[in-house]
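> Structure here, sequence nowhere to be found:
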C-alpha cells in the first residue's frame, strides 16, 4: 500500500490538535483545570496521548484565546480574572456588539438576519437540556452570529479575540451565575430591537444586556 500523502498526514495532525484544544477548553471552562494552575507539558501530553509538539500548538492557541497566561520563563498557567478585568471585557464586548447591532439595523432588508438570529436562539433553547459547555457554546454562537452577519470581518475578528476571556469570565463566576446570563428571553429582546430597525434601541438593548451580565458575574 502506498504511503499516506502529506495532505492526509496534515489532516490527521490537525484532528489531534483540534481534539486536544476541545479537551483543554472543556477542562478549563469546567474548572477541572482551575485558575492559577501551572500546566506541565509531560503530564498533559500523557493524559491526552499526544506528542508534546502537538500539545504546544494547542497551548499556544489557548494562550491567544486568553484562556492561559505566561508567567516567568514562559511557563503557562490557567488564567485568573478579577472583577475589574471582567467589567473591562464586557465593556469592550458591549462596544463591539453595539456596532454590530447598529450595522444590522441599517440593512435595507433584515429578514435573513432575523431568521438567522432566531435560529441561533432555537439552538440555545435546545442546549438548555445539555451540558454547561454546550450552553456556553450556544450562547456564544448567538453573539458570534450577530457579528458575522454584519459582513464586517474586522469586527468579527475583534469579537473572536475576546472569546477566550468571555469563557474565563463565565468560569470565574460559577455555574449558577453563568447560566443566569444565558436566559433565552434576554436574547429575544436583542432580536426584537434589531428587527425594529431602531439603531438607538438596539444599541441600548445590547449595552443593558452586557452591563447586566457583567454585574451578575462579579456579584
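Received it, and whenever you're ready, just let me know what you need. As the structure is a prediction and not an experimental result, all values here were calculated from the model.

> show me what contacts the spatially most central residue of the chain?
Centroid check for the chain by C-alpha atoms, centre = their mean gives residue 163 as the closest residue, at 3.5 Å. By C-beta atoms under 8 Å, 6 or more residues apart in numbering, the residues touching residue 163 are 65-66, 140, 144. C-beta here means a position set from N, CA and C on the backbone, and glycine is covered the same way.

> now residue 92
So residue 92 contacts residue 162 (C-beta under 8 Å, 6+ apart).

> For it, give me the pLDDT.
Listed pLDDT for residue 92 reads 97.

> what do you get for residue 78?
pLDDT, residue 78: 91.

> That one: neighbouring residues, count only.
The number of residues packed near residue 78 is 22, by other C-beta atoms under 10 Å.

> distance of it from residue 152?
Distance, residue 78 to residue 152, using C-beta to C-beta, to the nearest Å: 32 Å.

> Residue 219 now?
In terms of C-beta to C-beta, residue 219 sits 33 Å off from residue 152.

> just residue 58 next, same as before
Distance from residue 58 to residue 152, by C-beta to C-beta: 29 Å.

> now swap in residue 113 and tell me
When residue 113 is compared with residue 152 (using C-beta to C-beta), they lie 13 Å apart.

> helix, strand or coil for the residue nearest to residue 139 when sequence neighbours are not counted?
Nearest residue to residue 139, sequence neighbours excluded (C-beta to C-beta, 6 or more residues apart in numbering): residue 182, at 4.6 Å. Here residue 182 is recorded as coil under DSSP: H, G, I helix; E, B strand; the rest coil.
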